[in-house]
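Enquirer: Provided below for reference: sequence and predicted model.
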Amino acid sequence: MTTDAPAATKPPIDKKALLEKYIAERDKRLRADGNAQYLELKGVFGHYLEDPYTPFKERAPKTDHVTFAFIGGGFAGLVTGARLKEAGVDDVRIVEKGGDFGGTWYWNRYPGAQCDTASMIYMPLLEETGHKPTEKYAHAPEILEQCQRIGKQYGLYDNALFHTEVEDLSWDDAAKRWVIATNRGDRFTASFIGLGTGPLHVPKLPGIPGIETFKGHAFHTSRWDYAYTGGDPKGALMDKLADKRVGIIGTGATSVQAVPHLARACKELYVFQRTPSSIDVRANQPIDDDWFASIATPGWQQRWLENFTQNQAGGGADEDLVQDGWTDLSRRIRERIMHLPPEKRTPRDMLAAYEDSDFEKMEEIRARVDNIVKDHETAQALKAWYRQLCKRPCFHDQYLQAFNTPGTHLIDTDGKGVERITERGVVVAGKEYELDCIIYASGFEVGTEYKRRAGFDLTGRDGLKLSQAWGEGMRSKHGVHVHGFPNAFFVQPTQGANLISNVPHNLTEAGKTIAQIVRHALDEGAKEVEVTREAQDQWVNLLLTGPGRMMGAPDCTPGYYNNEGQDPGPAARYNVGYPAGAAAYFKYIDGWRKAGTYEGLEFR
Ligand code: NDP
């Protein structure tokens, strides 16, 4: 763990000047092409998607029937599969495009990959599997192992189809079954389906002129080429880079974790930056066996989950078990609001209190750069000029320090991005940087159509396509059930708790709900379960009474949080959570499940 030097004495915050600076920095980055600036990985770029981790195995196509098919083998599929197995639903089939379980953690094996939310609450089913996380923020190999552990413990490997992409999912109303077709020639049926394809799984490349002409080696961070770099996902030195000039394009959460490892390994490392990330303290530490044994009493993980949500997205709690950057942020905002006299706790004053706390936090984060980075010009360029939740907040204790390593160069593009890629390297402001390898830390598709990202549309009753049903915005009850799509369940945060600081919590709760509903349908001999239109409308109307989206406001610097600064259209107002907040939603859904009446659903 690194201890930062004490912060320099803070001058008073000039809010007006800061806001002007934020707007000026945003304006530099706004571009008319929005999401279209990125390249889809097909055609000449298709090889960027190849799986470097698991050899492809031939198998015969499946034409059988299963009770439950789940699309996606990441956390969503694993936790839902586990809960279904616990509920006695034995034939669960997970279909996954990767070569194993893990989802994000299958693909993202870049050096330094690590969870940004504390392991105790981020890693699912710790109590059920009896695993003690080794660190407060576990590294990727341990998280992938946890996925595999869940798969093994719950027998989810038996029926799984890996390296398989679903191409079509259609409801057969006569047979009351879903028909699932894949790119491996499968055409099997399922009584129920679950969808958990995740929000960030389709890598994208920046549409930089000349990108296809580069003659050196290149790959995307989610397909890390250890055969080229040497080293391994556990952090062994990438010894094959000792004589290489490497460029990494992008400085988001992925790059922040990979750069310290590259800085250690490369002869020369060039970090091409368009917008700096905010880098707060990480303070990772090992988890002590005795301490863990003392707290891991029955029900511990649920208690930790609820405590985090209450502190981060509820009214606060007497105790803060997790104590991290997320709960700190919320505590600061709450304290400021509590300092307001009761008559001043209006939405406007509360927003102002939130803004003050954000200015304070971001000033600290900028001061941290000055404390750590020795070269003045580099330090200035690494400062983030936007509100903290405009972009994914990052936490790291070696990233800024990496810029003090001889041979590591920040190439700041002043918001313009890389100008051109040539046969030999990367051009910024007219200067060519010759490189042996370019690593694209350019992120994943977010703002593109669901159909394009999932690779399929869903055809429900009477030929209704999901893309039509959601043409004007997402409509569901609890983010799980969609009218017109019987026996289909969505596992994701939106229109439920929408707890972004700990996504797995949303998924484990949805998994519990789905397993209980399926068990009930099977026990009742019901062939179909579906949300009524009225119940769905009521839920959506309730969602629209809330405060709207907190993250990625339109005046933020562009990024995937705010649709690259473009108007996301009226549909985006449906991408919200329960108006009373995540903690209240989890309480509500627990009551809904316990009532056992499944209000809003019809079993036929
Ligand atoms: P991001 O989309 O966050 O970052 C992409 C980067 O590429 C940005 O810095 C972007 O700049 C830059 N970029 C794009 N085009 C150009 C260009 N033409 N020239 C120069 N730079 C360019 O992707 P990440 O993979 O870093 O992260 C995606 C998400 O994955 C995170 O936000 C997070 O949700 C998740 N993640 C989570 C982690 C965790 O929990 N531990 C770790 C890593 C990722 P600009 O900002 O200007 O657009």
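Expert: Nice, I can see it.

Enquirer: who in the protein is up against the ligand?
Expert: Within the chain, the positions lying close to the ligand (CB under 6 Å from any ligand atom) are 29, 114-116, 200, 206, 208, 249-255, 257, 272, 274-275, 392, 413, 417-418, 441-444, 559-560. C-beta here means a position set from N, CA and C on the backbone, and glycine is covered the same way.

Enquirer: Can you give me the distance of the closest residue to the ligand within the stretch 101-250 of the chain to Ala242?
Expert: Residue nearest to the ligand within the stretch 101-250 of the chain: Gly250 (2.8 Å; CB to the nearest ligand atom). Counting by CB to CB, to the nearest Å, the gap from Gly250 to Ala242 is 23 Å.

Enquirer: hmm, which helix or strand of this structure has the shakiest average pLDDT?
Expert: In the chain, the helix or strand scored least confidently by mean pLDDT, DSSP states H and E is helix 450-454, which has a mean of 78.

Enquirer: in it, what's buried?
Expert: Buried residues in helix 450-454, defined by neighbour count with 16 or more other CB atoms under 10 Å: Arg453, Ala454.

Enquirer: Put the alpha carbons of it into PDB.
Expert: What follows is helix 450-454 as a C-alpha-only set of coordinates in PDB (Å, rounded to 0.1, in the frame of the first residue of the first chain):
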ATOM      1  CA  TYR A 450     -29.100  -3.500 -27.600                       C
ATOM      2  CA  LYS A 451     -29.600  -5.800 -30.600                       C
ATOM      3  CA  ARG A 452     -26.100  -5.000 -32.000                       C
ATOM      4  CA  ARG A 453     -24.400  -5.500 -28.600                       C
ATOM      5  CA  ALA A 454     -26.300  -8.700 -27.700                       C
END
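
Enquirer: elements contacting that helix?
Expert: If you count contacts as 3 or more CB pairs under 8 Å, 6 or more residues apart in numbering; DSSP states H and E, helix 450-454 packs onto helix 466-469.

Enquirer: contact partners of the helix it packs on?
Expert: The contact list for helix 466-469, computed with CB atoms under 8 Å, 6 or more residues apart in numbering, reads Glu449, Tyr450, Lys451, Asp457, Leu458, Thr459, Gly460, Arg475, Val482, His483, Gly484, Phe485.

Enquirer: Report the two of those residues separated the most.
Expert: Glu449 and His483 (20.7 Å; CB to CB).

Enquirer: Which one of the two is surrounded by more residues?
Expert: Neighbours per residue (other CB atoms under 10 Å) separate Glu449 from His483, with His483 holding more: 22 against 11.

Enquirer: Surely the more buried one and Arg475 touch.
Expert: Yes: if you go by CB atoms under 8 Å, His483 and Arg475 touch, sitting 7.3 Å apart.

Enquirer: where do the contact lists of the two overlap?
Expert: With CB under 8 Å, 6+ apart as the test, His483 and Arg475 both reach Ala469, Gln536.

Enquirer: Now do the contacts for Leu18.
Expert: Neighbour list for Leu18: Phe359 [criterion: CB under 8 Å, 6+ apart].

Enquirer: which SS state does it fall under?
Expert: When classified by DSSP: H, G, I helix; E, B strand; the rest coil, Leu18 comes out as helix.

Enquirer: For stretch 579-590, which residues meet the burial criterion?
Expert: If you call a residue buried by 16+ other CB under 10 Å, then stretch 579-590 has these buried ones: Gly581, Ala582, Ala583, Ala584, Tyr585, Phe586, Lys587, Ile589.

Enquirer: now those residues as TSV including distance to Thr597 and secondary structure?
Expert: Supplementary listing: the buried residues of stretch 579-590 in TSV, determined by distance: CB to CB, whole Å; DSSP: H, G, I helix; E, B strand; the rest coil:
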residue	distance to Thr597	secondary structure
Gly581	24	coil
Ala582	24	helix
Ala583	23	helix
Ala584	20	helix
Tyr585	18	helix
Phe586	19	helix
Lys587	17	helix
Ile589	14	helix
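
Enquirer: And the residue nearest to Ser501 when sequence neighbours are not counted, how far from Thr309?
Expert: Residue nearest to Ser501 in three dimensions, not counting chain neighbours: Trp326, with 4.4 Å by CB to CB, 6 or more residues apart in numbering. Using CB to CB, Trp326 is found at 10 Å from Thr309.

Enquirer: what sits in contact with each of these two?
Expert: What both Trp326 and Thr309 touch, as defined by CB under 8 Å, 6+ apart, is the set Asn502.

Enquirer: Of those two, give the one with the bigger neighbour count.
Expert: Legend: neighbour count by other CB under 10 Å for Trp326 and Thr309, higher for Thr309 (27 against 22).

Enquirer: just checking, what packs against the helix or strand containing that one?
Expert: Applying DSSP states H and E as the criterion places Thr309 in helix 300-313. If you count contacts as 3+ CB pairs under 8 Å, 6+ apart, helix 300-313 packs onto helix 119-122, helix 126-129, helix 325-339, helix 503-524, helix 582-595.
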